[in-house]
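Asker: Fold the stuff below for me.
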Amino acid sequence: MNKKSKYPLSNLVLPMHAGKAFALGLMLMLLSSCEKHDFIDDVTLTGNIGPQAYWEVSSSTVSAGTEMPFEIQYYTTTDEVLDRSEVWYNITEIQEKSVSCTWVTTFSYSVNSIIAEQRRIEQKIQTYPHSLAVWSDSLHAYTFKASFPVSGTLRPFAWVKPEQFDSARMETYFGTGFMQQFKDSLYQLMKFADFKNMMLGLSLIDNFKQYTDSTFDTNSNSYVYHFPKTNGQTPVPAAITNLYNSIPFDRLIESPAGYNVEYKRTYFLEARMRVYDKREVYGMTVLKKIDIN
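Answerer: Numbering: from 1, shown residues only. This is a model prediction of the structure:
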């Protein structure tokens, strides 16, 4: 015989049936009449009643390759025989990326992204057989403490401001076309002062005066420097464009403190427990979000 509990239901989750959808039937009025009728009173809940369960994990974080301790309380309100408890969880990967160029002066140029992607759908991790020995008279429920494993492959990883540049890693972490896209996008935004700072800073040219012209601005009462005018425009000279195209990507992001690239990969899991009876009807606890460090 399974013992029944008086554990408050406000903390519990409705049970589900393994392999079957939980059916919610609405009894609607089949006949219409002039008499006003509230069909909400006819709502009927159908399906199998399974075990009730509540749990707590010891922390909101866990180290990869270790165990996460927990405590569970469960019971059944039916005469069905309880069978086992199971931990289930999914895994989400978060990738944070950032690349910036320090040679531009008229604006700040960086590419940043945060991508969250579920890497593993919810699946069973560990099973705990039911035992009559874990009944608690004071709680009116079965209760036990245990733990579940967290894979060591989920350790966080970071590649931040490396002292040596690795193009293979850039392609792996940012995509094969990223470096060229970065250069192309940067070029479209650069102004005269940016090209001058970059060309001189990277020692690609000794004298920038040959590419410099100026116009007096009456509003600021000063000269504005720019590339020589052609048909009223100040296009980037072909020689400067060719020099820019010759710059390796890594030189665009280098700085005295290392290369301005960051890639971080972290994971979190969302776990819950299922408590089954012999019919394979189960009840579920609420989800617990756990960050992996």
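
Asker: give me phi/psi at the closest residue in space to residue 104 that isn't next to it in sequence?
Answerer: Using CB to CB, 6 or more residues apart in numbering and skipping residues adjacent in sequence, the residue nearest residue 104 is residue 194, 4.4 Å away. Where you see a C-beta, it was placed from the backbone N, CA and C, and this is true even at glycine. Torsion angles at residue 194 (phi, psi; degrees, to the nearest 10) stand at phi -70, psi -50.

Asker: didn't residue 194 look like it was pressed against residue 105?
Answerer: Yes. Applying CB atoms under 8 Å, one finds residue 194 in contact with residue 105, separated by 5.8 Å.

Asker: between those two, which one's more packed in?
Answerer: When neighbours are counted by other CB atoms under 10 Å, residue 194 and residue 105 differ, and residue 194 comes out ahead with 19 against 14.

Asker: so what's the more buried one up against?
Answerer: 103-107 (CB atoms under 8 Å, 6 or more residues apart in numbering).

Asker: what about burial for those, which qualify?
Answerer: Listed as buried from the contacts of residue 194 are 103-104; burial here means 16 or more other CB atoms under 10 Å.

Asker: okay, the contacts of residue 194 in CSV with distance to residue 166 next?
Answerer: Listed next are these as CSV, based on distance: CB to CB, whole Å:
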residue, distance to residue 166
103, 21
104, 24
105, 28
106, 30
107, 28
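
Asker: which ones among the contacts of residue 194 are found in helices?
Answerer: Assigned to helices by DSSP state H, none of these qualify.

Asker: need the contacts of residue 194 in CSV with distance to residue 219 and pLDDT, can you?
Answerer: Supplementary listing: these in CSV, determined by distance: CB to CB, whole Å; pLDDT from 0 to 100:
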residue, distance to residue 219, pLDDT
103, 28, 94
104, 24, 95
105, 21, 92
106, 18, 93
107, 21, 93
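
Asker: Return the closest of the contacts of residue 194 with respect to residue 116.
Answerer: Nearest to residue 116 out of these is residue 107 (CB to CB; 28.8 Å).

Asker: wait, that closest one sits on residue 193?
Answerer: No. Counting by CB under 8 Å, residue 107 stays clear of residue 193, with 10.1 Å between them.

Asker: buried ones in stretch 87-94?
Answerer: Within stretch 87-94, judged by 16+ other CB under 10 Å, the buried ones are 87-92.

Asker: a markdown table for those residues, including secondary structure, distance to residue 286 and pLDDT?
Answerer: Formatted as a markdown table, these follow (DSSP: H, G, I helix; E, B strand; the rest coil; distance: CB to CB, whole Å; pLDDT from 0 to 100):
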| residue | secondary structure | distance to residue 286 | pLDDT |
| --- | --- | --- | --- |
| 87 | strand | 13 | 98 |
| 88 | strand | 13 | 98 |
| 89 | strand | 13 | 98 |
| 90 | strand | 14 | 98 |
| 91 | strand | 18 | 98 |
| 92 | strand | 17 | 98 |
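
Asker: so which of those residues comes closest to residue 274?
Answerer: Using CB to CB, the buried residues of stretch 87-94 come closest to residue 274 at residue 88, 6.1 Å.

Asker: Just confirm that closest one contacts residue 275, I think it does.
Answerer: No. The pair residue 88 and residue 275 does not pass the contact test of CB under 8 Å, sitting 11.5 Å apart.

Asker: Which pLDDT value goes with the residue most central in space within the chain?
Answerer: When the chain is reduced to its mean C-alpha position, the nearest residue by CA atoms, centre = their mean turns out to be residue 116, at 2.8 Å. If you check residue 116, the pLDDT there is 97.

Asker: Just give the nearest non-adjacent residue to it, would you?
Answerer: Going by CB to CB, 6+ apart, residue 116 has residue 94 as its nearest residue, at 5.0 Å.

Asker: gap between that neighbour and residue 157?
Answerer: Remark: distance between residue 94 and residue 157 (CB to CB, to the nearest Å) = 11 Å.

Asker: Overlap in contacts, these two.
Answerer: Common neighbours of residue 94 and residue 157 (CB under 8 Å, 6+ apart) are residue 265.

Asker: in which helix or strand would I find residue 282?
Answerer: strand 281-284 (DSSP states H and E).
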